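**Q** Sequence first, predicted model second:
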Amino acid sequence: MDLVTALARARTPEKPGPDTPAGSAVRPWPGPALPLSEAGPGQLDLGRLLSLSLAASDGAGRLRPTPSAGALHPVDARLVVGADCPLPPGRYGYDPLSHRVHRLGAAPDDTPPGATVELSATAQRTIAHYGHRAWPLILLDTGHAAAALTLAARSLGVPPTALDLDGRAEDPLAAVHFAPPETAQPAVGAPTPSDLLTRRSAGPPLRGTPPQEALRAVLAAAEANAGDLGWCAAVGEPQPALVASAPDGTLRRLAAGEARPTLAAWAAGQAWIAEAGAVLLGYGCPTDADAPQIRRAHLRAGFAVHMAHVTAGRHGLAGRPVGAWQQADLGAALGAAPGRDWIVHGLALGTTHSEEGTS
């Protein structure tokens, strides 16, 4: 798969064709399904970690702690398990619908204690609906899954010791390692399990301009995990503008005027975005980016928007990630050189939202 060509085509106004079969919602891992046993003293609690991050709460597999474009969930998880885990050392495939694992083989000799979660993708699940627009969405979904794992670990007091979102590999696309806990005390400010399990992508419309304090916190959460991306937000009433974080912690205006209708047109014509209270935007990934840079930018964007989404919820805001962007050259729209600052991901925000379509 030529990722450079795929992204260039995804950025055009070309519309996807009719839906095709998505296939199984879970990769058909070989061998018997094994339960995730309860962790003992000093062991990494893999069962709880996965239940707070990747496990489905409905039989169809749509409702999970991590969002996905179209609720199609193309991301698959393999576990490389070392010592001090409830499972014997080895490699395992994870089934998020049954919350069980399938042993795939022995772990490498140099596997450290704890476990590494490797994230790959079954692309057909997303291609089935989004066609040529699928690959940016798949990468964003993978970044979201890595963030969900990271936040779950923080809530359990076992923050990850290694996070690989560098985009160099096609498989796995990302990986997160967790060491056995020395103490299992959540850090101050860590999300609670309830924060993670109640996170939902709110149904549109999302209306109401967020308070400046909440918007600053959401921007800061994205920027703290940004990689090479820039971040700003389009806000509505009372003074429509494009704003970004200032060095002193306030918001500075990048451009005056109403940007949300243009964003709605760029976001696959989703008209409701024109009425959103605010739209967080991550941008970068220039036209001449190679495949590793494309992967890195989209993985980081998904990771950062997930962090921002959870932060928004803790400030009483409703949020909905927005991943499909066509002809969205934000830099050129602001008068800079074209082809340098494309919108990669977004998060629509509001103080109110519809209960319909929440996922």
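**A** Everything's here; your move. Numbers count the residues shown, from 1 in each chain.

**Q** What is the burial count for residue 105?
**A** By the criterion of other CB atoms under 10 Å, residue 105 has 10 neighbours. All C-beta spots, glycine's among them, are computed from the backbone N, C-alpha and C.

**Q** which residues of the stretch 151-300 of the chain fall in helices?
**A** For the stretch 151-300 of the chain, applying DSSP state H, counting those that start in this stretch gives helices covering 193-197, 212-223, 260-266, 291-314.

**Q** which stretch in those helices is the model least sure about?
**A** The stretch with the lowest average pLDDT out of these is helix 193-197, scoring a mean of 89.

**Q** In terms of secondary structure, what does it contact?
**A** Helices and strands touching helix 193-197, by 3 or more CB pairs under 8 Å, 6 or more residues apart in numbering; DSSP states H and E, are helix 134-156, helix 291-314.

**Q** nearest to residue 103, of the ones you listed?
**A** Nearest to residue 103 among the helices and strands packed on helix 193-197 is helix 134-156 (20.6 Å), distances taken as CB to CB.

**Q** still on that earlier bit, so which of the helices and strands packed on helix 193-197 gets nearest residue 278?
**A** Taking CB to CB, helix 291-314 is the member of these nearest to residue 278, at 9.6 Å.

**Q** Give me the angle between the closest one and helix 134-156.
**A** On the basis of axes from the mean of the first three to the mean of the last three CA atoms, to 10 degrees, helix 291-314 is oriented at 50 degrees to helix 134-156.

**Q** now helix 291-314 against helix 212-223, angle please.
**A** Relative orientation of helix 291-314 and helix 212-223, computed by the same axes, to 10 degrees: 150 degrees.

**Q** circling back: quick check: which of the helices of the stretch 151-300 of the chain has the most neighbours on average?
**A** Highest mean neighbour count of the helices of the stretch 151-300 of the chain: helix 291-314, a mean of 25 (counted as mean count of other CB atoms under 10 Å).

**Q** Kindly present the helices of the stretch 151-300 of the chain as JSON lines, with separate columns for distance to residue 334.
**A** Below are the helices of the stretch 151-300 of the chain laid out as JSON lines (distance: least, CB to CB, whole Å):
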{"stretch": "helix 193-197", "distance to residue 334": "35"}
{"stretch": "helix 212-223", "distance to residue 334": "17"}
{"stretch": "helix 260-266", "distance to residue 334": "11"}
{"stretch": "helix 291-314", "distance to residue 334": "19"}
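
**Q** mind checking which of those helices is nearest residue 135?
**A** Here helix 291-314 is closest among those (CB to CB), at 8.5 Å.

**Q** Which secondary structure elements does that closest one sit against?
**A** Judged by 3+ CB pairs under 8 Å, 6+ apart, the packing partners of helix 291-314 are helix 3-10, helix 134-156, helix 193-197, helix 212-223, strand 278-284, strand 318-322, strand 342-350.

**Q** could you dump these to TSV with distance to residue 237?
**A** Below are these laid out as TSV (distance: least, CB to CB, whole Å):
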stretch	distance to residue 237
helix 3-10	32
helix 134-156	29
helix 193-197	29
helix 212-223	13
strand 278-284	11
strand 318-322	17
strand 342-350	12
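
**Q** Residue 16 is nearest to which of the helices of the stretch 151-300 of the chain?
**A** It is, among those and with distance given as CB to CB, helix 260-266, at 16.2 Å.

**Q** chain center to the closest one, what's the gap?
**A** The gap between where helix 260-266 is centred and where its chain is centred comes out at 22 Å by CA atoms, centre = their mean, to the nearest Å.

**Q** hey, C-alpha coordinates of that helix in PDB?
**A** Provided in PDB are the C-alpha atoms of helix 260-266 (Å, rounded to 0.1, in the frame of the first residue of the first chain):
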ATOM      1  CA  ARG A 260     -16.600  27.000  11.000                       C
ATOM      2  CA  PRO A 261     -18.600  26.900   7.800                       C
ATOM      3  CA  THR A 262     -15.400  26.400   5.800                       C
ATOM      4  CA  LEU A 263     -14.400  23.600   8.300                       C
ATOM      5  CA  ALA A 264     -17.800  22.000   7.700                       C
ATOM      6  CA  ALA A 265     -17.200  21.900   4.000                       C
ATOM      7  CA  TRP A 266     -13.700  20.500   4.500                       C
END
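
**Q** show me where pLDDT drops low in the stretch 251-359 of the chain?
**A** Residue ranges of the stretch 251-359 of the chain with pLDDT under 70: 354-359.

**Q** Packing partners of the strand or helix carrying residue 116?
**A** Using DSSP states H and E, residue 116 falls within strand 115-121. Packing partners of strand 115-121 (3+ CB pairs under 8 Å, 6+ apart): strand 75-81, helix 134-156, strand 174-178.

**Q** How is this structure partitioned into domains?
**A** As given by automatic domain parsing, the domain ranges for the chain are 3-13+23-197, 203-354.

**Q** quick revisit: which one of the helices and strands packed on strand 115-121 lies nearest to residue 120?
**A** Nearest of those to residue 120, taken as CB to CB: strand 75-81 at 5.2 Å.

**Q** right, so of the helices of the stretch 151-300 of the chain, which gets closest to residue 236?
**A** Judging the helices of the stretch 151-300 of the chain by CB to CB, what sits closest to residue 236 is helix 260-266, at 6.4 Å.
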